[in-house]
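J.: Whatever this is, show me its structure:
(chains A and B)
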Amino acid sequence: MFFRKKCHGEVMTWSHCPVNTATAEIDGMSSTPVIDVERLNLTYGDFHAVKDLSFQVERGELYALLGTNGAGKTSTLETVEGHRTAASGTVRVFGKSPRDRRAVRPRMGIMLQESGFSPDLTVRESVRLIGKLTQRTDQVERVLGIVDLTRKATTKVSQLSGGEKRRLDFATAVYGAPELIFLDEPTTGLDIQSRDDLWGAVDRLREDGSTVVLTTHYLEEAQQRADRIGLMHKGALYREGTVSELTRMLPAAIRFFLADPVPALPLRATREGGGKVLIETFDLQKDLFTLLRWAQDQAVELRELQAGPTRLDDVFRALSSD
Amino acid sequence: MFPIALSELVQIFRNRLVLVTSLVMPAAVSAVFIYQHEGFAALGSLGYIAAVVMFTIGAFGLYATTVTTLASRRQNLFLKRLRSTAAGDAAILAGLLLPITVISLVQVAVIMTVLAVVTGEPDNVLLLAAAVLSMVIMMLGLGLATAGVTNSPEHAQVTTLPISLGAVAVVSWVGISGTEELTLLKRLLPGGSATELVLNAWNGGASLADSLILLAPTLSWVIVAVALASRIFRWEPRR
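T.: You can find the predicted model right below:
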């Protein structure tokens, strides 16, 4: 459903639909980060929500800001979007203050964590209104087609399901193919088909040069899509890097069950009870081969054998337990 | 501003509750005052009827709808959504409040025209227009301030009562008893000097200079209300 749409009034594939707005020209700043956060601090009364946070997002990147609940990622995101004021530190978006709405907002699309539409307006009216206010140009019907809401165009927002509201939210964020898109929990409440469609749309926007900042609780989405990930914990940036850089810090795991009596293993292992054995390794291939050869020699069955590299979930669990 | 205003107008006419409480009820009350104008004129004056009509629409149409609209749009995060665009805060507020302001002005103009046709023309139309405008600005300011302490449209039914009822009470007090006694107090109360201005404009008998001075207390209330609003108005619900 995504592939042939009107792009700024003409039918073409979205992959050839260029990033919008008059400000999309190369402004001589392509080497500077799209987002530059330096020593950001946010406070709510006595509560220090974000502490000395610094990160940059480069043009064309998909940067995922992840963290435990209450880590400060939404506060950070909302400050970068221009919704909040920093207690200290600097935030620059396209080299400007994000609170300079006239300069910055036409170049960015924001998908909020919660809906925020007027229940008495229809889907088409909502997209048209927000689209006009972004000062980008686009076709409302094209955008509705992207999120498969064409048939709901005359339906009031109050009559939409939760998933449809999220799609409407996404539609307003990508109206006019902005240079920078903020996606705050974009797939929460979406069925699998809608998720795939949404990510397909994001992929096409990125092919056209859009930069994406993502927060999500679905770690596999971040693992699959993000160029770089910032892991926040207790208001600070705990780790930052590519998925492989982050997962490289933790050992890979080999898990299996052994029936009693348990023979002496060829590798250092942790017994987790119920016959479950965990072997952590930084050289998965070599140690797995050693284990399998030992099992064959000893005629031992390694039941429910699982082996794999460290996943983002494991990094996240290590973070949560810290 | 205008796209927001247009969408707000659509919403007003789609929301029957707002339509009835903000537009139909004040108009109906005003119609009763005009229908019974002889009795009310005997109680106060024709200027009193004009002042009551003006403040009924101002308080229950403009002011209450301003508070309800802003509380509702904040509660469902529509204000935050609008602030996620390139629109500035002033343009957002102006867009949200323009339709009800225009509707209220049209209502006041139509009803006063009917009153004039039925009872006779006011002594000074321009002065009357100044009184209406100052009342509108004051009610908008007070609406913004009240919206700051109003969490939801339901809450607005409570938070708007003191000023709505208070303003109508002040109008009746000033309109019936005049300002010869307790002059300063009556003029300083919200709506007091605006009422006296309407009385002067409709009934005549006061000099233009004396009447124009009455704009000052009304506009002072605007300053107080805007100062309060700038401190307590919130764009997002409390967390």
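J.: Run through the neighbouring helices and strands of the helix or strand hosting residue A:314.
T.: Assigned by DSSP states H and E, residue A:314 belongs to helix A:312-320. For helix A:312-320, the packing partners by 3 or more Cβ pairs under 8 Å, 6 or more residues apart in numbering or on different chains; DSSP states H and E come out as strand A:62-67, helix A:219-225, strand A:228-233, strand A:236-241, helix A:243-247. (Glycine included, C-beta is placed from N, CA and C.)
J.: Export only the CA atoms of it, formatted as CSV.
T.: Output of helix A:312-320 as CSV, limited to C-alpha atoms (Å, rounded to 0.1, in the frame of the first residue of the first chain):
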residue,chain,number,x,y,z
LEU,A,312,20.2,-5.6,23.3
ASP,A,313,17.8,-7.1,25.8
ASP,A,314,20.8,-8.5,27.7
VAL,A,315,22.5,-5.1,27.7
PHE,A,316,19.3,-3.6,29.0
ARG,A,317,18.9,-6.1,31.7
ALA,A,318,22.5,-5.5,32.8
LEU,A,319,21.6,-1.8,32.9
SER,A,320,18.4,-2.3,34.9
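J.: So what's the model's average confidence on it?
T.: Averaged across helix A:312-320, pLDDT comes to 76.
J.: Pull up the residues of chain B that are close to chain A.
T.: With Cβ under 8 Å from any Cβ of the partner chain as the criterion, chain B meets chain A at residues B:3-4, B:7, B:10-11, B:14-15, B:73, B:76-78, B:80-88, B:236.
J.: same thing but 7 Å
T.: B:3, B:7, B:10-11, B:14-15, B:76-78, B:80-88 (Cβ under 7 Å from any Cβ of the partner chain).
J.: In this structure residue A:112 contacts residue A:169, no?
T.: Yes. Using Cβ atoms under 7 Å, residue A:112 is in contact with residue A:169, at 6.4 Å.
J.: Quick one: low-confidence residue ranges for the stretch 1-150 of chain A.
T.: Low-confidence segments of the stretch 1-150 of chain A (pLDDT under 70): A:1-31.
J.: what about the strands in it?
T.: Taking DSSP state E, counting those that start in this stretch as the criterion, the stretch 1-150 of chain A carries its strands at A:4-7, A:10-13, A:35-44, A:47-57, A:62-67, A:88-93, A:108-111.
J.: How about chain B?
T.: Secondary structure of chain B by DSSP state E: no strands are present.
J.: before we move on, the earlier item: quick one, which of the helices and strands packed on helix A:312-320 is nearest to chain B?
T.: In terms of Cβ to the nearest Cβ, the element of those nearest to chain B is strand A:62-67, at 17.4 Å.
J.: Out of the helices and strands packed on helix A:312-320, indicate the one that is most buried.
T.: Of all the helices and strands packed on helix A:312-320, strand A:62-67 has the most neighbours on average by mean count of other Cβ atoms under 10 Å in any protein chain shown, namely a mean of 25.
J.: Mind giving me the packing neighbours of that one?
T.: helix A:73-81, strand A:211-215, helix A:219-225, strand A:228-233 (3 or more Cβ pairs under 7 Å, 6 or more residues apart in numbering or on different chains; DSSP states H and E).
J.: Give me the distance from the second one to the chain's centre.
T.: Here strand A:211-215 is found 6 Å from its chain centre; the criterion is Cα atoms, centre = their mean, to the nearest Å.
J.: For residue B:199, find the nearest of the helices and strands packed on helix A:312-320.
T.: strand A:62-67 (62.3 Å; Cβ to Cβ).
J.: Next, the angle from that closest one to helix A:312-320.
T.: Computed by axes from the mean of the first three to the mean of the last three Cα atoms, to 10 degrees, the angle separating strand A:62-67 from helix A:312-320 equals 40 degrees.
J.: what's the angle from the helix holding residue A:314 to strand A:236-241?
T.: Going by the same axes, to 10 degrees, helix A:312-320 makes 150 degrees with strand A:236-241.
J.: Which positions in chain A make contact with chain B?
T.: So far as Cβ under 7 Å from any Cβ goes, chain A lies against chain B at A:81, A:83, A:101-102, A:105-106, A:110, A:112, A:114-121, A:125, A:129-130, A:132-135.
J.: Mind checking which of the residues you listed are buried?
T.: With burial judged by 16 or more other Cβ atoms under 10 Å in any protein chain shown, the buried subset of the residues of chain A next to chain B is A:81, A:83, A:101, A:105-106, A:110, A:112, A:114-121, A:125, A:129-130, A:132-135.
J.: Pick the most deeply packed of the strands of the stretch 1-150 of chain A.
T.: The most buried one of these (mean count of other Cβ under 10 Å) is strand A:108-111, showing a mean of 27.
J.: Contacts for that strand, please.
T.: With contact meaning Cβ atoms under 7 Å, 6 or more residues apart in numbering or on different chains, strand A:108-111 is reached by A:81, A:169-170, A:173-175, A:178, A:180-184, A:186, B:84.
J.: one more time with 8 Å
T.: Contact partners of strand A:108-111, identified using Cβ atoms under 8 Å, 6 or more residues apart in numbering or on different chains, comprise A:81, A:93, A:134, A:169-170, A:172-176, A:178-184, A:186, B:84.
J.: now swap in stretch A:228-241 and tell me
T.: So stretch A:228-241 is in contact with A:42, A:48-55, A:61, A:63-68, A:71-73, A:76, A:222, A:242-243, A:246, A:249, A:312, A:315-316, A:319-320, A:322, going by Cβ under 8 Å, 6+ apart.
J.: Could you rerun that using 7 Å?
T.: Stretch A:228-241 has contacts (Cβ under 7 Å, 6+ apart) with A:48-53, A:55, A:61, A:63-68, A:71-73, A:222, A:242-243, A:246, A:315, A:319, A:322.
J.: Dump the C-alpha coordinates for it into CSV.
T.: Extracted as CSV, the C-alpha positions of stretch A:228-241 are listed here (Å, rounded to 0.1, in the frame of the first residue of the first chain):
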residue,chain,number,x,y,z
ARG,A,228,23.4,4.2,17.0
ILE,A,229,21.8,3.8,20.4
GLY,A,230,22.0,5.9,23.5
LEU,A,231,21.2,4.0,26.7
MET,A,232,19.9,6.2,29.4
HIS,A,233,19.8,5.2,33.1
LYS,A,234,18.9,7.3,36.1
GLY,A,235,19.1,10.6,34.1
ALA,A,236,22.5,10.0,32.5
LEU,A,237,23.8,8.5,29.3
TYR,A,238,25.0,5.1,30.4
ARG,A,239,26.3,3.8,27.1
GLU,A,240,26.3,4.9,23.5
GLY,A,241,27.2,3.2,20.3
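J.: can you give me the offset of it from its chain's centre?
T.: 13 Å.
J.: residues contacting the spatially most central residue of chain B?
T.: Nearest to the mean C-alpha position of chain B, by Cα atoms, centre = their mean, lies residue B:58 at 2.4 Å. Residue B:58 sits next to B:104, B:135, B:136, B:139 when contact means Cβ under 7 Å, 6+ apart.
J.: Tell me which two in the residues you listed are the farthest apart.
T.: Maximum distance among those (Cβ to Cβ): 9.5 Å, for B:104 and B:135.
J.: mind giving me CSV with the strands of the stretch 1-150 of chain A and columns for distance to residue B:163?
T.: Compiled in CSV, the strands of the stretch 1-150 of chain A are given as follows (distance: least, Cβ to Cβ, whole Å):
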stretch, distance to residue B:163
strand A:4-7, 50
strand A:10-13, 54
strand A:35-44, 31
strand A:47-57, 35
strand A:62-67, 44
strand A:88-93, 39
strand A:108-111, 35
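J.: Pull the number of nearby residues for residue 131.
T.: You didn't pick a chain, so chain A it is. Number of residues near residue A:131 (other Cβ atoms under 10 Å in any protein chain shown) recorded here: 21.
J.: actually it's chain B I care about, not the one you picked
T.: 29.
J.: wait, what's in contact with it?
T.: Going by Cβ under 7 Å, 6+ apart, residue B:131 touches B:194, B:197, B:198, B:201.
J.: Could you rerun that using 10 Å?
T.: By Cβ atoms under 10 Å, 6 or more residues apart in numbering or on different chains, the contact list for residue B:131 reads B:47, B:50-51, B:54, B:124, B:193-202, B:211, B:214-215, B:218.
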